[in-house]
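Asks: structure for this input, please:
(chains A and B)
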Amino acid sequence: MPEGYLRQSPLASLGLAARAATAADAAGVTMGERERVMLVNLRGDGVDRGFLDRVRQALEVDLPAEPNTAAEGTRHRVLWLGPNEWLVVAGEGEQLAAALDAALAGLHVSVTDISDARAVIALSGAQARDVLAKGCPLDLHPRSFGPMRCAQSRLAKVAVLIDQRDDAPSYDLYVLRSQARYLWRWLDDAAREYAVRIIRP
Amino acid sequence: MTGNFRLPSGGRIDRNRPLGFTFNGRLYRGFAGDSLASALLANGVTLVGRSFKYHRPRGIFASGAEEPNALVQLETGAHTVPNAKATQVELYEGLVARSQNCWPTVEHDFGQVADLCAKILPAGFYYKTFMWPSSFWMKYEYFIRRAAGLGRAPESPDPDRYDKMHVHCDVLVAGGGPAGLAAALAASRSGARVILADEQGEFGGSLLGRRDVIDDLPGAEWAARMAAEIAENPEVRVLRRATVFGYYDHNFLGIVERKTDHLGPNGGQGMVRERLWKVRAKQVVLATGSIERPLVFADNDRPGVMLADAARSYANRFGTRPGSRAVVFTNNDGAYGAAIDLADAGIPIAAIVDLRADVQGPLPTKARERGIEVLAGHAIAATLGSKRVQAVEVMLLNPEGDKVHGTPRRIECDLVAVSGGWSPTVHLFSQSGGKLRYCDQRLCFVPERSKQVERSAGACNGSFGLADCLDEGYAAGAAAAVAVGFEAPPRAFSADQPGETAPRALWVVPGKAPVGHSKAKHFVDLANDVTAADVRLAAREGYRSVEHTKRYTTLGMGPDQGKTSNVAGLAILAESLGKPIPEVGTTTFRPPYTPVTYGALAGSDVGDLSDVDRTTPIHDWHVMAAAEFEPVGQWLRARHYPKAGEDMEAAVQRECKAVRQSLGIMDASTLGKIELRGPDAVKLLNMVYTNAWDNLAVGRSRYGLMLGEDGMVFDDGVTTRLGENHYYMTTTTGGAAQVFGWIEEWLQCEWLDWRVWATSVTEQWATIALAGPRARDLMHELCKDIDLSPAAFPHMAMRSGRVAGLPARVFRVSFSGELGFEVSVPSSSGLALWIACMMAGAKYGIAPYGTEALHVLRAEKGFIIVGQEADGTATPIDLGMDWIVGKKKPDFLGKRSLARSDMVRRDRKQLVGLLTKDPNIVLPEGAQIVDRILPKPPMKMVGHVTSSYWSGALGRSIALALVSGGHKRHGQTVQLPLEDRVVEAVIGSPVFYDPEGKRLHA
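Replies: The predicted structure is shown next:
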């Protein structure tokens, strides 16, 4: 990986860090960019025991088999994207793609580093659900969606992957890097009525 | 006539909060809780508008969404709202409204000459008159629109904020009257997720305007308590000022919530003005109530003629006297309740005129006991007065109901409270696809068979009695909750419900002269000035279908959508056709129930949120370099980088020159990129591309054309073999998503056993193109771990290494015809790479170039652009690219289509180069090509220009074109008739520059 100072997060030019609130004042919604997250798109045969075993050994977590759910290991969070597709999320510093590629060598899989292809926007707070409801047609009510659930849907005019982290509720929104500024603008506008605060997640 | 028409006490207005407002330039006072209509009535303003066609004086007719007359232009400037119904506008301090459709004033309206000409303005007048000569329609239309205009749209941008909200629920209750409140109460107590929406600012519906008692409480108070109790449940959302306006498939409903309109234009203080709720409901309870119908009698449109229940509502709810002396005209018992309420409010009832000969029910008995005169078997044969009704003439009605006789009795009055019975508000039910049934006893259409998961309860179901509404509502709410797995406790209500006797069906009340044979007009549709005579004329002229009659007469096509007129209109049509009403049927109910603003539909998708602008990792640099951008799909790409004083042409020429002579740099990050992995990847490439891919070595690249199943080129790009079973495909910027979808579709639907995974990596990589004779020199400086020599790293090869210290994939490709490298690094580092190249390249005069220069450079080389040369109708052969079509390949997508007879026609449009005889003329793109110039069009066109530029490298203009049979026409001259001249050009090869490709392979 190149030197850190050479790297720019998708929302770097918005100067969010400088705008981040320091006081823990009450806000209906908090928003921030989750930077330097490692993302690997993993494709493989979801019913092949050999594949699943080797992934478990490599990631120390079972791939979620239930559609639209997440699994949390010690170092990784894995999101179900399709019957044979997952997103593996890790913190910076992991040589995740290379390690996974090596662990799965010989299998018909596809391990693709997409860390730079997505922006991750953390949205949290009592009214975070209302903000999402302004642009997302999914039912995110606690009775049908909660922590450890994820879903790919539409938010405003872009495709997003929504990962609910807790029942604050907090969500991580994965969006194409090129669309991140639009989505930030949209979220900022949608959250305006709830007193929005920028944070460093 | 103005004055104080406020009752001394009573009503749901707050007399401690007076509000000032302006109507037609005059200042008036009302109270909080007033509607604009009630405030006008309280001030004695009865003339509020002019009718649509005849410009007849019109007054307030109703008290809700059904109002056909009292349409006003609300507010001014950017905040103006046309066609606002005064009956639905809540009064606020400083409100400004004007009458519409009148000039110069509503009192003295020039347009009323139309009324004098009524004889020549029958139904279908426009169709009959303005058809000839047809070319004149445009001229007629201008005047017709002006003459028949309603309100005016605002002319400046909307200053307000709007948004949308998606919401899911177990039970949606549409309507907050007695039935809706009971339904929501049942459903909300069960724990289900409930939405209760009502169009008014206050819950209660009909209870607000009547004096009903429920559970020993006044109706309005009961409603307020119920609404509060319902709202206490945590899973309930209660929406006021929220109209459920549309019922779509799969229980998807639209609600528009007006959050700040009742506060005035600036009262919202930046809040969202209107919110569009998109609701997905598991169960729906429709409790939309009913709408009172007028009777159709002679000159029934004079100001002062008003629906009986509306008159009652103005007295009870708004503490207003809608008149000083009333005559009630009815065919049913319900209006007697209104008469009693009006009498109790101190408005003398001169008489109740009832079309029925025998009037016995409990309500009429009660009215008689009050000493109100009941004229059974009578009809109002005429109304007198012009800007306000002054008297009516009542005559005996014959048993058949087709004639009045006897001596007219003149009764002085300034209010005619009229009731022709009630129509259930079946709009939403009907929109949902439900089937209606005509009920002969109640004289109305009622829901018969549901199509979606909904229940109608109360008046909208034809159950008009209060106790019935409550019971039906509660039962519907409980049943809806049970259907989705909840339990609702039983509950009983006690409410008084007087028995009613049957109404009389008499759709046209006869006047002194036969209908349509005197100056008297029997209006059916007040909003659009459609009379009984018009409907009968349509029937005589052969209209059989209610839908055609509607369009011919414009019945029900006004801003009120015929809420008070539809049933009478189709009943009159049925009568004229000699058919029963069910056979004629209703017109289709379409959303919206009441008008929805464009603002609400647009939501926040305006301004810089109107569309997605996708930006590359290097975007900010382009912005700082003052680049001009152009949208490519949703991407914003730098089109050119003008320096001070340069126009686009100069900038583009400078950029092209840099690439041809030294070094250019371009942001190519938007290119689509797809990784293909698996043993069958090559099989996939062989199918989606026209050429063969079996022998591509690792580290080498190849250009490919993708065809649709129709054989037409739909994308192109370079694919590189990264490893044994690992390929990297690039696509056009605009085609990336389509290509990825195309591949996934084939893999998921047709080739399920193929072992290949496709993953989009478009956004993972920032890609920078370095092009020009000095490209290698720069690469030498930035990249030490790749052998860049032509022999070790030839054209169409790929190497991995570090460029400017960044992990990179380096490709030797060129779209400019010059020596070129494309360097891809992870997107986060794209800007760092760009800056490194710019700094190191300064000594070579490195110039950033945009898409426009790229287009010129590639056109000089005759490279196609998908979307320009390949416009969806060009095959590879048309484009002169048969070399890329694998003749020996057993199959590829589009192959079979290429063999169709039409595809091998010799006169297909084929790609050629075009050089104007005058080298200084740059042809316009899209210019048509002909062989022979005729004095005027039509001329036989043989092709068109697809790309055209000034080529600095060649010192002349160049163009690419698709010309019929063009491949065999090199050397021939064609003509291009432009707007102001004809240009001659010679067909030739599309490759203008470096045809041997020496520079490319340098």
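Asks: only C-alpha atoms for contact and neighbour calcs from this point on.
Replies: OK.
Asks: distance of the spatially most distant residue from the centre of chain A from B:Ala961?
Replies: Among the C-alpha atoms of chain A, the one farthest from their average position, using CA atoms, centre = their mean, is that of A:Gly106, at 28.7 Å. Note on A:Gly106: its distance to B:Ala961, by CA to CA, to the nearest Å, is 51 Å.
Asks: am I right that B:Leu208 is in a helix?
Replies: Yes - with DSSP: H, G, I helix; E, B strand; the rest coil as the criterion, B:Leu208 is located in a helix.
Asks: quick check: closest non-adjacent residue to it.
Replies: Residue nearest to B:Leu208 in three dimensions, not counting chain neighbours: B:Ala220, with 5.1 Å by CA to CA, 6 or more residues apart in numbering or on different chains.
Asks: which of the residues in the helix or strand hosting that neighbour are buried?
Replies: Secondary-structure assignment from DSSP states H and E places B:Ala220 in helix B:219-232. Residues of helix B:219-232 classed as buried by neighbour count (16 or more other CA atoms under 10 Å in any protein chain shown): B:219-223, B:226-227, B:230-231.
Asks: next one: stretch A:190-197
Replies: Using 16+ other CA under 10 Å as the test for burial, stretch A:190-197 gives A:190-192, A:194, A:196-197.
Asks: among those, name the ones that also lie close to chain B.
Replies: Among the buried residues of stretch A:190-197, the residues lying close to chain B (CA under 8 Å from any CA of the partner chain) are A:Ala190.
Asks: possible to save the buried residues of stretch A:190-197 as JSON lines with pLDDT?
Replies: Conversion of these to JSON lines gives the following (pLDDT from 0 to 100):
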{"residue": "A:Ala190", "pLDDT": "95"}
{"residue": "A:Ala191", "pLDDT": "94"}
{"residue": "A:Arg192", "pLDDT": "91"}
{"residue": "A:Tyr194", "pLDDT": "91"}
{"residue": "A:Val196", "pLDDT": "91"}
{"residue": "A:Arg197", "pLDDT": "92"}
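Asks: just the closest of the buried residues of stretch A:190-197 to B:Pro82, please.
Replies: Distance from B:Pro82 was checked for each of these by CA to CA. The minimum falls on A:Ala190, at 28.2 Å.
Asks: find the nearest non-adjacent residue to that closest one, please.
Replies: Nearest residue to A:Ala190, sequence neighbours excluded (CA to CA, 6+ apart): A:Val131, at 5.8 Å.
Asks: contacting residues for that neighbour?
Replies: Shown here is A:Val131, whose contacts under the criterion CA atoms under 8 Å, 6 or more residues apart in numbering or on different chains are A:187, A:190-191.
Asks: in helices only, show me the residues you listed.
Replies: When DSSP state H defines the helices, the subset of those inside them is A:187, A:190-191.
Asks: sorry, back to before: wait, which of the buried residues of stretch A:190-197 is closest to chain B?
Replies: Nearest to chain B, judged by CA to the nearest CA, of the buried residues of stretch A:190-197 is A:Ala190 at 7.9 Å.
Asks: got the buried residues for stretch B:691-705?
Replies: Of the residues in stretch B:691-705, those with enough neighbours to count as buried (16+ other CA under 10 Å) are B:691-693, B:698-705.
Asks: and of those, the nearest to B:Ala492?
Replies: Nearest to B:Ala492 among the buried residues of stretch B:691-705, counting by CA to CA, is B:Leu705 at 73.6 Å.
Asks: and that closest one, how far from chain A?
Replies: Distance check for B:Leu705 against chain A: by CA to the nearest CA, to the nearest Å, it reads 25 Å.
Asks: got it, and B:Glu655?
Replies: As for B:Glu655, its distance to chain A is 26 Å (criterion: CA to the nearest CA).
Asks: isn't that residue up against B:Gly845?
Replies: No - no contact is recorded between B:Glu655 and B:Gly845 when judged using CA atoms under 8 Å, the distance being 10.6 Å.
Asks: more crowded one of these two?
Replies: Residue environment comparison for B:Glu655 versus B:Gly845 gives the larger neighbour count to B:Glu655, 27 against 16, counting by other CA atoms under 10 Å in any protein chain shown.
Asks: okay, now residue 22: neighbour count?
Replies: Using chain A. The burial count assigned to A:Thr22 is 11, neighbours taken as other CA under 10 Å.
Asks: I was thinking of chain B, sorry if that wasn't clear
Replies: One way to gauge burial is a neighbour count; for B:Thr22, by other CA under 10 Å, it gives 17.
Asks: which residue is the nearest non-sequential neighbour of it?
Replies: Distances taken as CA to CA, 6+ apart put B:Val96 closest to B:Thr22, at 4.7 Å, once the chain neighbours are dropped.
Asks: and the host helix or strand of that neighbour, what other elements does it pack with?
Replies: Secondary-structure element containing B:Val96, defined by DSSP H and E: strand B:95-99. Of the remaining helices and strands, those touching strand B:95-99 by 3 or more CA pairs under 8 Å, 6 or more residues apart in numbering or on different chains; DSSP states H and E are strand B:14-23, strand B:71-74.
Asks: dump those strands to TSV, plus mean pLDDT.
Replies: Written out in TSV, the entries for those read as follows (pLDDT from 0 to 100):
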stretch	mean pLDDT
strand B:14-23	97
strand B:71-74	95
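Asks: pick the most buried one from these.
Replies: Between these, strand B:71-74 has the highest mean count of neighbours, a mean of 27, where neighbours are mean count of other CA atoms under 10 Å in any protein chain shown.
Asks: partner strands of the next helix or strand after it, with direction?
Replies: Scanning forward in sequence from strand B:71-74, with DSSP H and E defining helices and strands, the next element found is strand B:81-85. In the sheet containing strand B:81-85, the strands it pairs with under DSSP bridges are strand B:71-74 (antiparallel).
Asks: which residues of chain B lie near chain A?
Replies: Remark: the part of chain B in contact with chain A comprises B:163-168, B:271, B:609, B:611-617, B:620, B:677-679, B:755-757, B:759, B:761-765, B:805-807, B:826-829, B:831-832, using CA under 8 Å from any CA.
Asks: so which of these belong to strands?
Replies: Of the residues of chain B next to chain A, the ones assigned to strands by DSSP state E are B:163-168, B:677, B:757, B:759, B:765, B:806-807, B:826.
Asks: which one of these sits closest to B:Glu649?
Replies: Nearest to B:Glu649 among these: B:Trp765, at 31.0 Å, using CA to CA.
Asks: quick one: contacts for that closest one?
Replies: With contacts defined as CA under 8 Å, 6+ apart, the neighbours of B:Trp765 are A:116-117, B:669, B:824-827, B:830.
Asks: apply 7 Å and report the result again.
Replies: Contacts of B:Trp765 were listed using CA atoms under 7 Å, 6 or more residues apart in numbering or on different chains, and they are B:669, B:824-827.
Asks: coming back round to it: the residue farthest from the centre of chain A belongs to a strand?
Replies: No - the assignment for A:Gly106 is coil, going by three-state DSSP, so no strand is present there.
Asks: gap between it and A:Gly50?
Replies: If you measure A:Gly106 against A:Gly50 using CA to CA, the figure is 11 Å.
Asks: check B:Lys403 too.
Replies: Shown here: B:Lys403 relative to A:Gly50, a distance of 92 Å by CA to CA.
Asks: more neighbours, the two?
Replies: Remark: of B:Lys403 and A:Gly50, B:Lys403 carries more neighbours, 18 against 13, as counted by other CA under 10 Å.
Asks: so the more buried one sits against B:Pro510, correct?
Replies: Yes - with the criterion set as CA atoms under 7 Å, B:Lys403 and B:Pro510 qualify as a contacting pair; they are 5.5 Å apart.
Asks: what segments of the stretch 301-450 of chain B are strands?
Replies: B:305-307, B:326-330, B:349-354, B:374-376, B:378-385, B:389-397, B:404-412, B:415-419, B:422-424, B:435-439, B:444-449 (DSSP state E, counting those that start in this stretch).
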